[in-house]
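Engineer: have a look at this prediction, sequence included:
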Amino acid sequence: MRKIQILLFLILSQIACSQVKNTDELYKTAKKLDSLIFDVGFNTCDLSHYKSIVSKDLEFYHDKGGITSGEEAFTASIKNNICGGPNKVKRELVSNTLKVYPLYNQNVLYAFIEEGEHEFSELYQGKWNKGSRAKFTILWILEGKDWKMKRVLSYDHHL
């Protein structure tokens, strides 16, 4: 039992230490991609770039909305539910919650995990009202030379 505890401690400490610093290029890449998905896409409804950064076989798991599979279904969901709904919704990344973890295969970067927290607000009668706050985890995969959003978990939504 003691050996298992030591092994788990070593694994968890390695994971905790493997997060990149916010000055690292990979962190800056993650921030840029996050902004393209949410600030540009979700918040302003400019979805024109989604094909270039969302994997065709995307899997999006939401604790309130279920599973969305594929780039086309994801884009349609944002277009119809966020951009086409009666009340506009915006998403903001919560300051100092973004973490980025690189994934390597034989010392070659092939993916990274982005995790953090975000808050949502709804425009009602000309005023933004705070909505839910949630956690998210995104797996970004390098496909050729392009980063693609591959797997997403959006969970722990609460007011």
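Structural biologist: That came in fine, so what should we check first? Numbering: from 1, shown residues only.

Engineer: if you drop the residues flanking it in sequence, what lies closest to the residue most central in space within the chain?
Structural biologist: Centroid-nearest residue in the chain, with Cα atoms, centre = their mean: Ile138, separated by 4.0 Å. Spatial nearest neighbour of Ile138, chain neighbours left out: Glu114 (4.5 Å); criterion: Cβ to Cβ, 6 or more residues apart in numbering. In short, each C-beta sits where N, CA and C put it, glycine included.

Engineer: buried residues in the helix or strand that contains that neighbour?
Structural biologist: Assigned by DSSP states H and E, Glu114 falls within strand 108-124. By neighbour count on 16 or more other Cβ atoms under 10 Å, the buried set for strand 108-124 is 111-118, 120-121.

Engineer: same list, those residues, but as a markdown table with distance to Trp147 and pLDDT please.
Structural biologist: What follows is the buried residues of strand 108-124, written out as a markdown table (distance: Cβ to Cβ, whole Å; pLDDT from 0 to 100):
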| residue | distance to Trp147 | pLDDT |
| --- | --- | --- |
| Ala111 | 9 | 97 |
| Phe112 | 8 | 98 |
| Ile113 | 12 | 98 |
| Glu114 | 10 | 98 |
| Glu115 | 16 | 97 |
| Gly116 | 17 | 98 |
| Glu117 | 21 | 98 |
| His118 | 19 | 97 |
| Phe120 | 24 | 95 |
| Ser121 | 27 | 94 |
